[in-house]
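[1] Need coordinates for the below:
(2 chains)
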Amino acid sequence: MSFLHKEQTQLFMQIANCIIPPTDNLPGAGNIDIFDNKECDLGITPKQENHIIEFLDKTSKTSFDILESHFEDLTESNKIKILKTIEFDNLNLFNSMLQILYSGYYSNASVLKAKHLPAKAFQPDGFNMEPFEESSVTKVLNRGKKYRDSL
Amino acid sequence: MSKDSQADILVIGAGMSSAAFCWSLSKAGFKVVCLEQGPWMNPEEYPTTHLDGERHLSYEFHSNPNVRNLPQDYPVNTLDTPIHPLMFNAVGGSAIHWGAHFPRMKPSDFKVKTLDGIADDWPISYEDLNPFFDVNDRITGVAGLSGNPAYPPMPDRQTPPLSIGKQGAKLVEGFEKLGWHWWPAESAINSVPYDGRPACTYGGPCISGCYNKAKSSADVTYWPRAINNGVSLKTGVRVSEITLNNKGLANGVIYFDQKGVVNKLYADAVVVACNGVGTPRLLLNSKSPRFPDGLANNSGLVGKNLMFHPVAAVAGVFEDEIESHKGPLACSVTSYEYYETDTSRDFVRGFQLQLNRQLGPITTSLGGALEKPIPWGKYHHNEFDERLNKLVPVAALIEDLPELHNEVILDRNIVDSNGIPAPKVNYKVSENSKKMLQYSIERCTEVLEAAGSKRILINPMLETAGWHLLGTTRMGDDPKTSVVNKFGAAHDVKNLFVIDGSVFVTAGAVNPTSTIQAIALFMADNLKRNARNSI
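    From the prediction side, this is the model:
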């Protein structure tokens, strides 16, 4: 997260943990470095960096405007309240943040392992699947013609 | 060929229609040159083979050119359309990240006016196209099962149907309980090795490219054949204008080469194959004193009658894991139970139901076809676990009807990287389509519940459904009500042809690629037989 300074990083982690919270078995999105995906060839784009910074600024401002407090000092329920306010007022920005967090979280090797998901590409391995059973269409055939003639 | 010409026939665009057309002409010895603004893609480099392949679908492999924003893309103004045009600019065109569902249009689709009293009949019929469908199927290699009672008889498919897997079998349970039609999808994907290309490995998702060429995009089917026959395909060049001679005939194009240098290429005939948005854009940008409102636009219909296929997405959540992620995204099970007009309903025409697969964890979290991310906060993990590999998403693809106010125009305030004005799409969903979407959602819900789903998720209409770009230079016999004749020749310029989905009169309710290619082959066949009179 080299594009964020220390205070911004702390705020980002708190927000990320509200959006994808930790559980007994899984880290929260703020507990992992979602930008550190060594096996990914796509990083965060400059446009997304700007969205994150805009989101952080908006979070800080909304916290002060509504609850007169730093976001980091709020109770969990009030943090959620602030984020819901931002979601309501700035849906596109909020969805951009979700895309960044979800994509990063579900690319993370520790998350995939904890969820028992294979860390492999779609291809070339693919999957084994049973061949189509052609006799399964017998009833469809028995139901008869299903198109109109044009003449 | 005239003394100034560098080609008998110059084709603009190297997508699915162009490839079939060029291959057909190349067999007859014509000197064919094709200009394509995109590059050749290297299948071995497709995101499909990358660990973060799903992430690429939000970046340089996004289906929307406005998101992708690659040098070969052009922007599209979508401020006034709820459905966004999707496309890809490369050899093979949008088939590079195509689902490869390959059904034909049906006989009734060509006679909408006669049968249902709406829109217009086509000047050609299913029977006219039938031999060209068959040729196209052989070159493409179609996986499927002959005998579908929703179609007239057709020859054996080239390879057996693709597997429908546990997910497909689950939906079939629903269809059978209700006694509805269903059939394994017609797929432009090898289920076993065919034509020197290997079988699908069922890795999915196809839309991020097929690394082993099992998917029959034109860059691996027609183009190698056409080039072997002598067709010259130039990539990375963008045509800005079609030019006319002093007799009002097309005599070539002005284009930008890879370095941005303006060039002129002369030809005896010019063929446009740039899709239902790119084709009217090029014609509207080709103004002259003879055609001040755009080339071949005396009818005023260039860009008009744009048709998409509006899509409703309905997903059933199942309790058991049903391996929803395995297999090609869009080629599994289809139903034509509600395809034809039924006068007891409050809308005309009909729709296709198509099972889609689910991709992986990133797409699941972002919602996929539901186009809404799963909830954030304390219920996030539960919702994710309930959905991953447990969804049966059904797409209802409905027939759009031609309407003059649905159109492609030029936006001179937005330009591509060569400074050429961009297209703007103005589109409204019709009342007929709205009624059909609602009815289709109810039918999707019915079949998913019959299959055992306890919870239904609904996206009433996809924003990212603009794959099928049709109707913007429609064909017809009357120059006042159409832009080209049934052979693709412009009424106003006899050696200018349009061969892509722009020529559709109506849209049917099937994925159009098979029909687009059959029409291109039909038009090429006519041009071969009548070249002396046509060019």
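[2] And for A:L26, nearest residue in space, chain neighbours not counted?
    Using CB to CB, 6 or more residues apart in numbering or on different chains and skipping the chain neighbours, the partner closest in space to A:L26 is A:A114 (5.2 Å). No exception for glycine: its C-beta is placed from N, CA and C like everyone else's.
[3] Report the contact partners of that neighbour.
    A:N25, A:L26, A:P27 (CB atoms under 8 Å, 6 or more residues apart in numbering or on different chains).
[4] Just those: which are in strands?
    Using DSSP state E, no member of those falls in strands.
[5] Quick one: name whatever helix or strand follows the host helix or strand of A:N17.
    For A:N17, the element it lies in under DSSP states H and E is helix A:6-19. Next helix or strand after helix A:6-19 toward the C-terminus (DSSP H and E): helix A:46-67.
[6] tell me which residues of that following helix are tucked away?
    A:Q48, A:E49, A:H51, A:I52, A:F55, A:L56, A:K58, A:T59, A:S60, A:T62, A:S63, A:L67 (16 or more other CB atoms under 10 Å in any protein chain shown).
[7] State the distance from the fifth one to B:H84.
    In this structure, A:F55 and B:H84 are separated by 24 Å, where distance is defined by CB to CB, to the nearest Å.
[8] returning to that earlier point: the helix holding A:N17: which residues count as buried?
    Applying 16+ other CB under 10 Å to helix A:6-19 flags A:Q8, A:T9, A:L11, A:F12, A:M13, A:Q14, A:I15, A:A16, A:N17, A:C18, A:I19 as buried.
[9] So the first one versus A:E49, what's the distance?
    The span separating A:Q8 from A:E49 equals 11 Å under the rule CB to CB.
[10] same thing with the last one?
    A:I19 sits 18 Å away from A:E49, going by CB to CB.
[11] So which of the buried residues of helix A:6-19 reach chain B?
    Checked against chain B using CB under 8 Å from any CB of the partner chain, the buried residues of helix A:6-19 yield the following neighbours: A:C18, A:I19.
[12] tell me which residues of the helix or strand encompassing B:I516 are tucked away?
    Assigned by DSSP H and E, B:I516 belongs to helix B:513-534. For helix B:513-534, the buried set under the neighbour-count rule, 16+ other CB under 10 Å, comprises B:513-527, B:531, B:534.
[13] Give me the nearest residue to the residue most central in space within chain A, chain neighbours excluded.
    Central residue of chain A (CA atoms, centre = their mean): A:Y102, 1.3 Å from the mean position. The shortest distance from A:Y102 to any non-neighbouring residue, by CB to CB, 6+ apart, is to B:S365 (4.1 Å).
[14] Going C-terminal from whichever helix or strand the one you found is part of, what's the next secondary structure element?
    Assigned by DSSP H and E, B:S365 belongs to helix B:361-366. Where DSSP H and E defines the elements, the next helix or strand beyond helix B:361-366 is helix B:380-387.
[15] Would you mind listing where chain A has pLDDT under the threshold?
    A:1, A:37-42, A:151 (pLDDT under 70).
[16] so which residue of it comes closest to chain B?
    Relative to chain B, the nearest point of chain A is A:G126 (2.8 Å; CB to the nearest CB).
[17] Tell me how many other residues surround that residue.
    By other CB atoms under 10 Å in any protein chain shown, the residues close to A:G126 number 21.
[18] Verify the stated contact: it with B:G203.
    Yes. Here A:G126 reaches B:G203: they are 3.4 Å apart, a contact under CB atoms under 8 Å.
[19] what about the strands in the stretch 201-350 of chain B?
    B:232-235, B:238-244, B:250-256, B:262-272, B:311-317, B:333-335 (DSSP state E, counting those that start in this stretch).
[20] Can you lay out those as JSON lines showing mean pLDDT?
    Output for the strands of the stretch 201-350 of chain B, formatted as JSON lines (pLDDT from 0 to 100):
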{"stretch": "strand B:232-235", "mean pLDDT": "98"}
{"stretch": "strand B:238-244", "mean pLDDT": "98"}
{"stretch": "strand B:250-256", "mean pLDDT": "97"}
{"stretch": "strand B:262-272", "mean pLDDT": "97"}
{"stretch": "strand B:311-317", "mean pLDDT": "98"}
{"stretch": "strand B:333-335", "mean pLDDT": "98"}
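[21] Could you point out which of those strands sits nearest B:G179?
    strand B:333-335 (11.5 Å; CB to CB).
[22] Paired strands for that closest one, with orientation please.
    Applying DSSP bridges, strand B:333-335 is found paired with strand B:183-184 (antiparallel), strand B:351-355 (antiparallel).
[23] contacting residues around the first one?
    Okay, so that is strand B:183-184. By CB under 8 Å, 6+ apart, strand B:183-184 touches A:132, A:137, A:140, B:144-145, B:148, B:150, B:161-162, B:164, B:168, B:332-336.
[24] Could you tell me how far stretch A:73-92 lies from the centre of the chain?
    Distance of stretch A:73-92 from the chain centroid (CA atoms, centre = their mean, to the nearest Å) equals 17 Å.
[25] Give the buried residues for that stretch.
    A:L74, A:K79, A:I80, A:I82, A:L83, A:T85, A:I86, A:E87, A:N90.
[26] Restrict these to those that also contact chain B, please.
    Among the buried residues of stretch A:73-92, chain B is touched by A:I80, A:L83 when using CB under 8 Å from any CB.
[27] mind putting the buried residues of stretch A:73-92 in TSV, distance to A:D149 and secondary structure included?
    Listed next are the buried residues of stretch A:73-92 as TSV, based on distance: CB to CB, whole Å; DSSP: H, G, I helix; E, B strand; the rest coil:
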residue	distance to A:D149	secondary structure
A:L74	69	coil
A:K79	64	helix
A:I80	61	helix
A:I82	63	helix
A:L83	59	helix
A:T85	60	helix
A:I86	58	helix
A:E87	54	helix
A:N90	55	coil
